[in-house]
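# Quick one, structure for this:
(one chain, ligands or ions: 2)
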Amino acid sequence: MKVLVIGGGNMGLTYAEAIAKSRFLKDRDLLILDASKEKTEELRKKSHFAVYESLNDCVPIADVIFIAVKPYHAQALMEDLKPLVSEGQIFISLMAGVTIQALKNGLGRNKVVRAMPNLPAQVGKGLTSFTASDEVSRLELSTVENLLDTTGRSVRLDTENDVDASTGISGSGPAYIFYFMQSMLEAARKMGFSEHDSKVLVEQTFAGAVELFASSDLDPEAWMNRVASKGGTTRAALDSMEDNNVKALIQEAAYAAFNRAVELGKEYSDSDA
Ligand SMILES: NC(=O)C1=CN([C@@H]2O[C@H](COP(=O)(O)OP(=O)(O)OC[C@H]3O[C@@H](n4cnc5c(N)ncnc54)[C@H](OP(=O)(O)O)[C@@H]3O)[C@@H](O)[C@H]2O)C=CC1
Ligand SMILES: O=C(O)[C@@H]1CCC=N1
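Ligands and ions are numbered 1, 2, ... in the order given. Reported below is the predicted structural model:
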């Protein structure tokens, strides 16, 4: 089986590296292509995949094709791909918003998977949600799942609306965590801690809390109650967050990402990508 990754940026390269590391494929069976000359030169320095500059040379020989370009490049790319693709090939789009129907129309092919990864894939801790067109067989789905799992975990969802919703939670979610981290770092600096100490305080606090959360079935509220003593410091902080509606605002942000994913889907299907 040959796997081609189109787009060697954050996500495409992450996937290519993870598949290469997993030894799921033989080295020369993993192909990668990027439009930028600079990037292909960088990619050539890595030995574990075959780097291509022309779609003509790699698309016809691939069995599975990852599409990892920005959504606004989708239409132009699919126009170039359409004359080169063939029946039996499976397309896995990592693009936010672009719908299965837009992919089917754009590629003129039916075996399409729409996946939403997240950035922790770079360290093998990614979460990729996905859904597939009916034309992808069970056996093909298990190959797809194996490929996606090379970057962490995957969750198969029933509908594209679920994938849009998951974009608001796991796809964009790492950025919300970084936002929270940034706020804590700024508070630490304001309190007079050095850059180094601020980073240690914040990093270890996040890492520890995540590990605790993963270590049992306790929900976050139960953990909050274990940290907070009656009339103590944590309660003062939690009350402040409640008074300022922080929970509702975070939920609003997650919905903003979800809604934007739906909106992107409409933009790209309107343009008949
Ligand atoms: N970053 C993230 O956390 C997440 C991203 N995604 C999705 O992943 C996709 C890729 O995002 P990301 O990796 O961040 O983007 P990047 O811009 O880092 O990477 C995309 C790469 O594709 C190249 N490219 C553009 N057009 C073509 C083409 N026609 N043929 C080949 N290569 C091309 C770009 O080159 P150039 O720079 O020259 O344009 C660039 O190197 C997006 O659709 C996004 O929605 C999904 C979940 C999370
Ligand atoms: O911001 C974006 O559009 C992409 C999708 C999820 C994460 N990054």
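# Can you report how many residues neighbour Arg260?
For Arg260, the neighbour count with other CB atoms under 10 Å is 16. Bear in mind the C-beta positions are built from the backbone N, C-alpha and C, glycine included.
# Report the spatially closest residue to it, excluding sequence-adjacent ones.
Nearest residue to Arg260, sequence neighbours excluded (CB to CB, 6 or more residues apart in numbering): Gly97, at 7.6 Å.
# give the contact list for the one you found.
Counting by CB atoms under 8 Å, 6 or more residues apart in numbering, Gly97 touches Pro71, Asp164, Thr167, Arg260, Ala261, Val262, Glu263, Leu264, Gly265, Glu267, Tyr268.
# Next: His196.
With CB under 8 Å, 6+ apart as the criterion, no residue contacts His196.
# in the stretch 101-250 of the chain, which spans are helices?
Along the stretch 101-250 of the chain, the segments classed as helices by DSSP state H, counting those that start in this stretch run 138-149, 160-166, 173-190, 195-215, 220-227, 233-243, 246-270.
# Determine which stretch of those is the most buried.
Highest mean neighbour count among the helices of the stretch 101-250 of the chain (mean count of other CB atoms under 10 Å): helix 160-166, with a mean of 21.
# Assumed Ile92 was part of a strand.
Yes: counting by DSSP: H, G, I helix; E, B strand; the rest coil, Ile92 is found in a strand.
# which parts of stretch 61-79 are buried?
The neighbour-count criterion (16 or more other CB atoms under 10 Å) identifies Ala62, Val64, Ile65, Phe66, Ile67, Ala68, Val69, Pro71, Ala74, Leu77, Met78 as the buried residues of stretch 61-79.
# Also within reach of ligand 1: list those from the contacts of Gly97.
Among those, the ones lying near ligand 1 by CB under 6 Å from any ligand atom are Pro71.
# Any chance of TSV for the contacts of Gly97, columns pLDDT?
Listed next are the contacts of Gly97 as TSV, based on pLDDT from 0 to 100:
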residue	pLDDT
Pro71	93
Asp164	97
Thr167	97
Arg260	96
Ala261	95
Val262	95
Glu263	94
Leu264	92
Gly265	88
Glu267	86
Tyr268	77
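# which two from the buried residues of stretch 61-79 end up farthest apart in space?
Within the buried residues of stretch 61-79, Ala62 and Pro71 form the most distant pair, 21.4 Å apart (CB to CB).
# Counting neighbours, what do you get for Thr40?
Neighbours of Thr40 under the rule other CB under 10 Å: 16.
# Likewise for the one 10 residues further on?
Each residue near Ala50 was counted by other CB under 10 Å, and the total is 18.
# wait, doesn't it sit right on Leu31?
Yes: using CB atoms under 8 Å, Ala50 is in contact with Leu31, at 4.9 Å.
# And Tyr268, how close does it get to Gly7?
With the distance defined as CB to CB, to the nearest Å, Tyr268 ends up 16 Å from Gly7.
# again with Gln75
14 Å.
# so where's this structure uncertain?
Filtered on pLDDT under 70, the chain yields the residue ranges 270-273.
# Around ligand 2, pick out the residues from it.
Residues of the chain lying near ligand 2 (CB under 6 Å from any ligand atom): Ala96, Thr167, Gly171, Ser172.
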